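Chemist: dropping the sequence and predicted coords here.
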Amino acid sequence: MSDNGDVKGILAYITTDKNRYLGGNQLSLLAKDKEELQRLSFAISRAFLADILELETGDCLIIKR
């Protein structure tokens, strides 16, 4: 079976805004600033061999394809 790039799941949602929250089973993290958000995103994506998707809001989704 070939991999067509479909998203298999959201592993993490990382934001700097405590008023934004994505419900569900994924890990949700509140970063203190943009630098911490980027460090967390990179570390999680690297650990799980996943992709980082940066949203228009500046939040990041870590997704597994």
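Modeler: All right, it came through fine.

Chemist: ends of stretch 47-54, how far apart?
Modeler: End-to-end span of stretch 47-54 (C-alpha to C-alpha, to the nearest Å): 18 Å.

Chemist: average pLDDT across that stretch?
Modeler: Stretch 47-54 comes out with an average pLDDT of 96.

Chemist: again with stretch 10-19
Modeler: Stretch 10-19 comes out at a mean pLDDT of 94.

Chemist: return it as PDB; C-alpha atoms alone will do.
Modeler: Provided in PDB are the C-alpha atoms of stretch 10-19 (Å, rounded to 0.1, in the frame of the first residue of the first chain):
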ATOM      1  CA  ILE A  10      -2.500  15.000  15.500                       C
ATOM      2  CA  LEU A  11       0.200  14.300  18.100                       C
ATOM      3  CA  ALA A  12       0.400  17.700  19.800                       C
ATOM      4  CA  TYR A  13      -1.000  21.300  19.700                       C
ATOM      5  CA  ILE A  14       1.300  24.000  21.000                       C
ATOM      6  CA  THR A  15       0.200  27.600  21.600                       C
ATOM      7  CA  THR A  16       1.300  30.800  23.400                       C
ATOM      8  CA  ASP A  17      -2.300  31.800  24.000                       C
ATOM      9  CA  LYS A  18      -3.900  30.400  27.100                       C
ATOM     10  CA  ASN A  19      -7.400  31.200  25.700                       C
END
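
Chemist: and that stretch, what's buried?
Modeler: Using 16 or more other C-beta atoms under 10 Å as the test for burial, stretch 10-19 gives 10-16. Placement of C-beta: from N, CA and C, glycine included.

Chemist: now stretch 58-65
Modeler: 59-63.

Chemist: now those residues in JSON lines, with pLDDT, distance to residue 30 and secondary structure?
Modeler: Output for the buried residues of stretch 58-65, formatted as JSON lines (pLDDT from 0 to 100; distance: C-beta to C-beta, whole Å; DSSP: H, G, I helix; E, B strand; the rest coil):
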{"residue": "59", "pLDDT": "97", "distance to residue 30": "10", "secondary structure": "coil"}
{"residue": "60", "pLDDT": "97", "distance to residue 30": "12", "secondary structure": "strand"}
{"residue": "61", "pLDDT": "95", "distance to residue 30": "15", "secondary structure": "strand"}
{"residue": "62", "pLDDT": "96", "distance to residue 30": "15", "secondary structure": "strand"}
{"residue": "63", "pLDDT": "96", "distance to residue 30": "19", "secondary structure": "strand"}
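
Chemist: many thanks, we can stop here.
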